[in-house]
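Student: From the sequence below, what's the structure:
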Amino acid sequence: MKAAISKLNCAARIGLIICFNAISNAGAQPGGSIEVNEDAIAFAYQLIQKGRLIADRKGAWREHKPSPDMENEFIRAHGFAEYAKWHLAVDERYAVNTKSRYKFPYGDFKNVHRCGLLAVKSRAREHGYNEIEDVATKLLQMIESARPRRQNPLISRFARRLLEG
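Tutor: Below you'll find the model as predicted:
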């Protein structure tokens, strides 16, 4: 009798663990606790308008993204409110003054990086965060329109000839 009760007790505990795990996984699904960080979007727009951007190549984010030590130093110097501005999303499951709360970094605490936004867009699409993907796309479009275009040398020569008469 004791063995049967012990097995039943064990099965009930396993069932509870499975239920709690399913509940916590459901909370981590897209659209759950991760929200777009409106302050970060406004900040990124300002930086791009001021020309504080690096129009680098795709895949460069591994080299350019701030290291954990750089993040810690930035937080010590400027606080979590400033740190939050460099992340396009906030995970409401975590406390305000924790690095875990802030998701989808896009810059190096000085400039917006094109490669960072490309990484955000890719990860957001992969995990089903459509709003964050859309924000990254709009910021990338803004960078593309702000980038100086190389002039065609033939057109430049033609324009010079017209001006010279």
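Student: Can you get me a residue count around the closest residue to residue 100 other than its chain neighbours?
Tutor: Once flanking residues are discounted, residue 100 sits nearest to residue 94: 4.3 Å by Cβ to Cβ, 6 or more residues apart in numbering. Where C-beta positions appear, they are placed from N, C-alpha and C, glycine not excepted. Neighbouring residues of residue 94 were enumerated by other Cβ atoms under 10 Å; the total is 14.
Student: in terms of contact, does residue 94 touch residue 87 like I think?
Tutor: No - using Cβ atoms under 8 Å, residue 94 makes no contact with residue 87, being 11.8 Å away.
Student: For the helix or strand containing residue 116, list every residue counted as buried.
Tutor: Using DSSP states H and E, residue 116 falls within helix 114-127. Buried positions in helix 114-127, judged by neighbour count with 16 or more other Cβ atoms under 10 Å: 114, 115, 116, 117, 118, 119, 120, 121, 124, 127.
Student: What residue spans form the domains of this structure?
Tutor: Recorded structural domains for the chain (assignment: automatic domain parsing) are 1-30, 31-164.
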